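**Student:** Need the 3D shape of this:
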Amino acid sequence: MKNKKKVRGRISQYLRTPIYWDVFWFIISGIILVYDYKVGLVLLGCSLLYMVVSAVLYARFKPTILKHLVNFGTQYGLVQRRMLNELDIPYGLMDESGKILWSNQQVNNLFEGESLKHLNIMDIFPDIKPEFLQLEKDQNEFHIEHEEKIYKIVLKEISFKETLESNEFPMVDEGEGMIISFYIVDETQIQQLEKETQDERTVIANIYIDNYDEVLQDVEATRRTLLVALIDRRINIYFSQYDGIVRKLENDKYFVMFKTKYISKMQTNKFAVLDDVKNVNMGNGIPVTISIGIGMGGETLQESYELSTTAIDMALARGGDQAVLKDGNRVYYYGGKTKSVEKNTRVKSRVKAQIFRDLLETKSDIYIMGHHIGDNDSFGASIGMYRICKTIGKNAHIVIGEMGSSVKELVDTFREEEVYEDDLFLTGPEAEAKMDKNDALVVVDVSRAGYTEHPKLVEKAQCIVVFDHHRQTSDVIENAQLSYIELSASSASEMVVEIMQYIKETVKLSKMEAEALYSGIMIDTNNFTDRTGVRTFEAAAYLRKKGADITKVRRMFREDMADYKAKAKAIENAEIYLGEFAFSTYIPNGQEESPTVVGAQAANELLNVRNIKASFVLTPYNDQVYISARSIGKINVQTIMEDFGGGGHMNLAGAQVKDAELLEVIDQIKENISRRIEEGDL
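**Tutor:** As a prediction, this is how the structure comes out:
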């Protein structure tokens, strides 16, 4: 039995059109026969004749049409196949497992003319993983490197069923299945050109001399000009080797431009100009330090300049003597090994006090908030701010939460005094519910929103003021209307005392309030032994004049026997790493009021051990690992803690690590220290 070729689809419909007309005319003839017999017969006869002629023509020309159709389809397929094979873009088909079913000549040319049929694409490109072939959308693309070249591979899903349903000339039965088409683009040259373009983009940097006035005062008048000339020379020599342009804007400020391609070399030598300038010596006892703020990655020169100004502000806010590179949203730090120099002038405090007063006068209620697990410095600064706000006639509230035992005693004492309002102290949720758009939020002793007592207040507040003495990190509160960061200050309480003295009205500080501020200075200076300066003792003297009882303040910090034994046990369990770093852990037993304070005290005590340069005490508490880091000398524990999401001062820092095991964190800190030693950072 012969197989009959059938034509289906739209061509079949075209060939059957005369039959449809035959039916139409027979119906018309029948209708006319009803009304006019003779005319109906004539029309019926014509319809029969038309049917006979169309049937003869259909039978006569069907083979010829079918032949031409087959020839056209064959030629069309050959042309299409030839076009795909000669297409300049490497193109091919593979199944769901990656087996190549067909590929054009360009694909073969990529691999020295070898046919890839029946090979698996994962054998050709080992970087392609099976999950890449599980297409989540109609089209996926990814980049891979192969034999020193970079390729972009685009995959597209092709369904048999959808293809056949859309075909106007279906010559086969419908089927089901899926294949993947792919095309490969060699982007090696494009990537090289993009890199060259990126390397040629301009980088903008600002350089400030941190301690210009202090250094000049420390040098004989006859040598000052030579000292400045040597500083200029070191900066110009360093950037000239990178084809940089240096322009001096002021006595202590420089503007620098160079190309992006040199930034990696500067990163490799850790911006050696920081140490080059520090080594300049013309009889000055104070080493010269500079801060560098570098901006890159901006779409325009203006954006890069703005990034550089932000970077230099961050470098200064972190204590100077360092380079900060801001590449878009990414921030990198280099240097920062020198302590901040205390400024003898109080001009900055006076200016900030005036701005602060003008800002608060336009607000209704003032909410004051410190950091999470508030200490005496955070609380003392809050009390000082409360008194300033009351002095200028504003209602003020202090946001409190979890706190240490000494702070709890102070809070209870203030609550017992009838002179204070019932809503002096509020919890975070209470303050959030009460605050409106006309109120202001004053954040003290912290500049990171996530470390405040109630971070949602920072999000809600329309007006934010920040007073802090810690080195800044990249996640500082950026929308503050006023930000006063003074790294040379021993404590936030010291800063508030200075601001207090420049408010126009005389601030009437009570004895209790003076003692709260005094305790804040004592806790952050470890009884006036660490990070103290002239202004620290001036602030303490001011508080003594206001009636602060030193003996009473000292009694605040007496420890419970349980805490004292716990601290002693943490010290006893300490281990020495590399002969200079002390590590210990403190596991809370539930009897102490503030486990994190015990850990911090143990870290302080470990520095009294001979040859110990830094100490780390880790305390697991509230599903987190609290790290207390302390150092003596030139070890910068702040930069170490920044790697764990923390921060602080050069010699006093901390961090809170979530979802981590205690021993894992200890190993990570040790690895961090070893790496820094190898890189010359410690």
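**Student:** which residue ranges form the strands in the stretch 401-550 of the chain?
**Tutor:** For the stretch 401-550 of the chain, the strands defined by DSSP state E, counting those that start in this stretch cover 425-426, 440-444, 464-468, 482-485.
**Student:** so how far is the shortest one from its chain's centroid?
**Tutor:** What it means is strand 425-426. 33 Å (CA atoms, centre = their mean, to the nearest Å).
**Student:** Tell me where the stretch 401-550 of the chain is predicted with low confidence.
**Tutor:** 474 (pLDDT under 70).
**Student:** coming back round to it: okay, the strands of the stretch 401-550 of the chain in TSV with mean neighbour count and distance to Y305 next?
**Tutor:** Placement of C-beta: from N, CA and C, glycine included. Supplementary listing: the strands of the stretch 401-550 of the chain in TSV, determined by neighbours: other CB atoms under 10 Å; distance: least, CB to CB, whole Å:
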stretch	mean neighbour count	distance to Y305
strand 425-426	19	43
strand 440-444	29	29
strand 464-468	25	25
strand 482-485	20	21
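**Student:** Tell me the first helix or strand C-terminal of the worst-scoring helix or strand of the chain on mean pLDDT.
**Tutor:** Scoring the helices and strands of the chain by mean pLDDT, DSSP states H and E places helix 160-165 at the bottom, with a mean of 48. Going down the chain from helix 160-165, the next helix or strand is strand 178-186, by DSSP states H and E.
**Student:** CA atoms only for that following strand, dumped as CSV, please.
**Tutor:** The C-alpha trace of strand 178-186 is given here as CSV (Å, rounded to 0.1, in the frame of the first residue of the first chain):
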residue,chain,number,x,y,z
MET,A,178,13.0,20.4,25.0
ILE,A,179,16.4,21.4,23.6
ILE,A,180,18.7,24.3,24.5
SER,A,181,20.2,26.6,21.9
PHE,A,182,23.4,28.4,22.7
TYR,A,183,25.6,31.0,21.2
ILE,A,184,29.1,32.0,22.3
VAL,A,185,30.5,35.5,22.2
ASP,A,186,34.3,36.1,22.6
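**Student:** That one packs against which elements?
**Tutor:** Contact analysis of strand 178-186 by 3 or more CB pairs under 8 Å, 6 or more residues apart in numbering; DSSP states H and E lists strand 91-94, helix 105-110, strand 149-159 as its packing neighbours.
**Student:** Which other helices and strands does the longest one contact?
**Tutor:** Read that as strand 149-159. Strand 149-159 packs on strand 139-146, strand 178-186, helix 188-199, going by 3+ CB pairs under 8 Å, 6+ apart.
**Student:** ok, now the first one?
**Tutor:** Contact analysis of strand 91-94 by 3+ CB pairs under 8 Å, 6+ apart lists strand 100-103, helix 105-110, strand 178-186 as its packing neighbours.
**Student:** TSV for the ones you listed, including mean neighbour count and mean pLDDT?
**Tutor:** Formatted as TSV, the entries for the helices and strands packed on strand 91-94 read as follows, by neighbours: other CB atoms under 10 Å; pLDDT from 0 to 100:
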stretch	mean neighbour count	mean pLDDT
strand 100-103	18	74
helix 105-110	17	71
strand 178-186	17	76
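**Student:** what's the average pLDDT for stretch 354-367?
**Tutor:** Stretch 354-367 comes out with an average pLDDT of 90.
**Student:** Give me the buried positions along it.
**Tutor:** By neighbour count with 16 or more other CB atoms under 10 Å, stretch 354-367 contains the buried residues 356-357, 360, 363, 365-367.
**Student:** Show the end-to-end separation of it, please.
**Tutor:** Counting by CA to CA, to the nearest Å, you get 19 Å between the two ends of stretch 354-367.
**Student:** quick one: contacts of it?
**Tutor:** Under the contact criterion CB atoms under 8 Å, 6 or more residues apart in numbering, stretch 354-367 has outside partners 385, 389, 392, 394-397, 399, 426, 431, 434-436, 438-442, 457, 461, 463, 465, 481-482, 484, 499, 502-504.
**Student:** my guess is N376 meets Y518, correct?
**Tutor:** No. Under the criterion of CB atoms under 8 Å, N376 is not in contact with Y518, lying 9.2 Å apart.
**Student:** returning to that earlier point: with respect to burial, which of the helices and strands packed on strand 178-186 scores highest?
**Tutor:** Ranked by mean neighbour count, the helices and strands packed on strand 178-186 are led by strand 91-94 with a mean of 19 (mean count of other CB atoms under 10 Å).
**Student:** what's near enough to touch G680?
**Tutor:** When the contact criterion is CB under 8 Å, 6+ apart, the partners of G680 are K270.
**Student:** Oops, could you answer that again for I373 instead?
**Tutor:** Under the criterion of CB under 8 Å, 6+ apart, the contact list for I373 reads 401-404, 594, 596.
**Student:** thinking again about what came up before, of all the helices and strands packed on strand 91-94, which one comes closest to T222?
**Tutor:** Proximity of those to T222 was assessed by CB to CB; the nearest stretch is strand 178-186, lying at 66.5 Å.
**Student:** Could you check how far that closest one is from the centre of its chain?
**Tutor:** Distance of strand 178-186 from its chain centroid, counting by CA atoms, centre = their mean, is 35 Å.
**Student:** bridging residues for the residue lying closest to D439 once chain neighbours are set aside?
**Tutor:** Closest residue to D439 in three dimensions, ignoring its sequence neighbours and counting by CB to CB, 6 or more residues apart in numbering: D365, at 4.6 Å. According to DSSP bridges, N395 are recorded as the beta-bridge partners of D365.
**Student:** can you redo the strands of the stretch 401-550 of the chain as a markdown table with distance to T619?
**Tutor:** Written out in a markdown table, the entries for the strands of the stretch 401-550 of the chain read as follows (distance: least, CB to CB, whole Å):
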| stretch | distance to T619 |
| --- | --- |
| strand 425-426 | 26 |
| strand 440-444 | 24 |
| strand 464-468 | 24 |
| strand 482-485 | 28 |
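**Student:** Please identify which of these is closest to V331.
**Tutor:** Minimum separation from V331 across the strands of the stretch 401-550 of the chain (CB to CB) falls at strand 482-485, 16.0 Å.
**Student:** Parallel or antiparallel, which strands does the closest one pair with?
**Tutor:** Partner strands for strand 482-485, per DSSP bridges, with pairing direction: strand 464-468 (parallel).
**Student:** From the rest of the structure, what touches the partner strand?
**Tutor:** Looking at strand 464-468 with CB under 8 Å, 6+ apart, the contacting residues turn out to be 356, 359-360, 381, 385, 440-447, 458, 476-477, 479-485, 492, 495-496, 499.
**Student:** quick one, it and strand 440-444 angle?
**Tutor:** What separates the directions of strand 464-468 and strand 440-444 is an angle of 10 degrees, with axes from the mean of the first three to the mean of the last three CA atoms, to 10 degrees.
**Student:** Run through the residues that contact N251.
**Tutor:** Residues in contact with N251, defined by CB under 8 Å, 6+ apart, are 209, 212, 228.
**Student:** how close does the closest residue in space to the second one that isn't next to it in sequence get to I235?
**Tutor:** Translated: Y212. Counting by CB to CB, 6+ apart, Y212 lies nearest to D252, which is 3.7 Å off, once chain neighbours are set aside. For D252, the distance to I235 (CB to CB, to the nearest Å) stands at 11 Å.
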